[in-house]
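> Output the structure for:
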Amino acid sequence: MCAAPGPLMIDTLVDEPIECITPRGIKTAKQEHEFDILIYATGFDGVTGAYDRIDIRGENGLRLKDAWAETPRTYLGMLAEGFPNMLMVLGPHTARGNSTTTRMWRLGPKKWTSGRGS
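Next up is the predicted model:
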């Protein structure tokens, strides 16, 4: 357990199962939690993987599984039309392996240290 203040961690498998995603956050069996960003840690399964097994809905209730029924369509493997707030790190049409994450790791520290005396 971390004593320092930081992000709230919720065990949604045991303590507070997620009932639904709301415009302000998530509603669990116990309460609604408000936040700005929701991160799905879905594990690895190539191409559509867990995206097909989660009931992700975009504009006008469009289901991602239905939008990708014939084939996944993305912009740069990160964005899907009709799902404006969904960002995929290793979505369909991206390089597999460590390529994308390695680039992100190399660019991330530079972004945060630029202009801060480093």
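> Could you list the low-confidence segments of this protein?
1-4, 41-49, 95-118 (pLDDT under 70).
> Show me where it has its helices.
64-67, 99-113 (DSSP state H).
> Surely I10 is in contact with T28?
Yes. The criterion here is C-beta atoms under 8 Å, and I10 meets it with T28 at 6.8 Å. For glycine as for every other residue, the C-beta is placed from the backbone atoms N, C-alpha and C.
> overlap in contacts of these two?
E16 (C-beta atoms under 8 Å, 6 or more residues apart in numbering).
> can you give me the end-to-end distance of stretch 72-84?
Its first and final residues considered, stretch 72-84 spans 16 Å by C-alpha to C-alpha, to the nearest Å.
> Quick check: buried residues in that stretch?
Within stretch 72-84, the residues that count as buried by 16 or more other C-beta atoms under 10 Å are 72, 74, 77-78, 80, 83.
> ditto for stretch 27-43
28, 33.
> what's next to that stretch, contact-wise?
Counting by C-beta under 8 Å, 6+ apart, 8, 10, 12, 15-22, 24-26, 49-51, 54 sit against stretch 27-43.
> Any chance you could give me that stretch in PDB, C-alpha atoms only?
Extracted in PDB, the C-alpha atoms of stretch 27-43 (Å, rounded to 0.1, in the frame of the first residue of the first chain):
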ATOM      1  CA  LYS A  27     -20.600   3.700 -11.700                       C
ATOM      2  CA  THR A  28     -19.700   0.700  -9.600                       C
ATOM      3  CA  ALA A  29     -21.800  -1.400  -7.300                       C
ATOM      4  CA  LYS A  30     -20.900   1.000  -4.500                       C
ATOM      5  CA  GLN A  31     -20.800   4.500  -6.000                       C
ATOM      6  CA  GLU A  32     -20.000   6.700  -9.000                       C
ATOM      7  CA  HIS A  33     -16.400   7.700  -9.400                       C
ATOM      8  CA  GLU A  34     -15.700  10.900 -11.300                       C
ATOM      9  CA  PHE A  35     -12.500  11.300 -13.400                       C
ATOM     10  CA  ASP A  36     -11.100  12.500 -16.700                       C
ATOM     11  CA  ILE A  37      -9.400   9.400 -18.000                       C
ATOM     12  CA  LEU A  38     -10.300   5.800 -18.000                       C
ATOM     13  CA  ILE A  39      -7.600   3.300 -18.800                       C
ATOM     14  CA  TYR A  40      -8.600  -0.200 -19.800                       C
ATOM     15  CA  ALA A  41      -5.700  -2.600 -19.100                       C
ATOM     16  CA  THR A  42      -6.900  -5.400 -21.400                       C
ATOM     17  CA  GLY A  43      -3.700  -7.400 -21.800                       C
END
